[in-house]
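*Asks:* Sequence plus the predicted model coming up.
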Amino acid sequence: MMEFYFRITTPRCYLALYMKIVAAGRPRGFESPEGEASVGRQEAARQLRAAIPEIAEAYRAALGRIGSPLVSREDIWRQCRHQAQNIVAECAQMLEAGMHAELPGGGEYTRLLGAHRVVQQIPVSESVRAADVLWQVMQAVVTEAVDQVEADERVAAAQTVSTAFRVAAGSRLYQGIRAYEEAQRPAVPEEQQMPDRGLGASAGAPGAQVLDLLTQREREILEAVRAGLSNRLISRRLEISEATVKRHLHNVYRKLGASSRVQAINMVFSGHG
């Protein structure tokens with residue numbers, strides 16, 4: 001299934017990938033029968049979850065063998081590992097419950113990470129290649145887990161995991177690439193900005209000058225956003241309420257003339273590793 005990723009060469013083509021996955025429909029046996037999942041499916045899901053650390057290590061080694069920049073720095077690898085672990089967890093959840101449910105905060109994290117790839121100067125194609133690598137390293141574990149299911153359900157269980165992976169990985173590729181593209185768009189020129197955008201006329205200024213517009217707390221919050229943290233995680237780290245985080249972000253947007261988190265971090269950090 002995943003080999004067709006490599007025939008896609010432009011970000012705009014990547015955006016069609018998720019839609020193709022969804023249009024392909026669910027395979028037979030995708031949904032569990034009414035009631036609780038069978039004991040075999042429950043055990044298979046448990047085994048798949050237990051293997052997440054093993055899969056992550058194999059994934060890192062495989063990315064290293066192909067020279068992927070996703071393992072070139074520890075902070076980049078942590079982000080990559082986080083996404084991979086969540087994808088596997090969603091596969092296990094679908095195997096057990098028969099339905100897909102994205103983990104809380106997953107969409108926001110993916111969009112922020114997609115934008116941050118611009119700052120890290122990592123091509124979007126690396127995320128597509130990494131999805132194929134992850135699927136390959138999962139194969140042995142998936143096969144072993146599916147063996148826990150009753151013999152007459154194994155084909156359906158294997159199809160469920162395959163579809164779960166396509167949905168989980170495909171949705172992340174779609175959201176991440178959209179954010180990547182948005183972050184690459186140039187800031188609106190000063191003369192085209194609305195007069196009520198506060199200090200937004202400085203949006204085109206170098207990052208250091210833009211940072212001078214922000215308070216220390218606003219800088220701390222923007223750094224946390226850059227690291228991919230959600231409002232909830234930022235509030236916990238800084239020991240402030242989520243409402244306060246949102247207020248500070250609103251002030252940041254007003255000062256920079258930005259309309260989103262993605263645009264704000266691109267204005268401030270673009271060109272800085």
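*Replies:* Here it is on my side, so go on.

*Asks:* quick one: secondary structure of the residue nearest the centre of the chain?
*Replies:* Centre of the chain computed as the mean C-alpha position; nearest residue by CA atoms, centre = their mean is T110, 2.7 Å away. Judged by DSSP: H, G, I helix; E, B strand; the rest coil, the three-state class of T110 is helix.

*Asks:* so who does it touch?
*Replies:* Counting by CB atoms under 8 Å, 6 or more residues apart in numbering, T110 makes contact with Q83, S171, R172, Q175, G176, A179. For glycine as for every other residue, the C-beta is placed from the backbone atoms N, C-alpha and C.

*Asks:* what's the nearest residue to E43 if we skip its chain neighbours?
*Replies:* With CB to CB, 6 or more residues apart in numbering as the criterion, E43 has its nearest non-adjacent residue at 4.4 Å, and that residue is Q148.

*Asks:* does the one you found count as helix, strand or coil?
*Replies:* With three-state DSSP as the basis, Q148 sits in coil.

*Asks:* Tell me where the stretch 101-250 of the chain is predicted with low confidence.
*Replies:* The model of the stretch 101-250 of the chain has pLDDT under 70 over residues 101-105, 185-212.

*Asks:* residue boundaries of the helices in it?
*Replies:* Secondary structure of the stretch 101-250 of the chain by DSSP state H, counting those that start in this stretch: the helices cover 106-120, 125-146, 154-184, 207-211, 216-226, 231-238, 242-256.

*Asks:* buried sites along the second one?
*Replies:* Translated: helix 125-146. For helix 125-146, a neighbour-count test (16 or more other CB atoms under 10 Å) marks 125-135, 137-138, 141-142, 145-146 as buried.

*Asks:* Next: the longest one.
*Replies:* By neighbour count on 16+ other CB under 10 Å, the buried set for helix 154-184 is 154, 156-183.

*Asks:* Just list what it packs against, helices and strands only.
*Replies:* Using 3 or more CB pairs under 8 Å, 6 or more residues apart in numbering; DSSP states H and E as the contact criterion, the secondary-structure elements in contact with helix 154-184 are helix 11-23, helix 39-50, helix 74-97, helix 106-120, helix 125-146, helix 261-269.

*Asks:* Over to the residue nearest to E43: give its phi and psi.
*Replies:* For Q148, the backbone dihedrals are phi -80, psi -10 (criterion: degrees, to the nearest 10).
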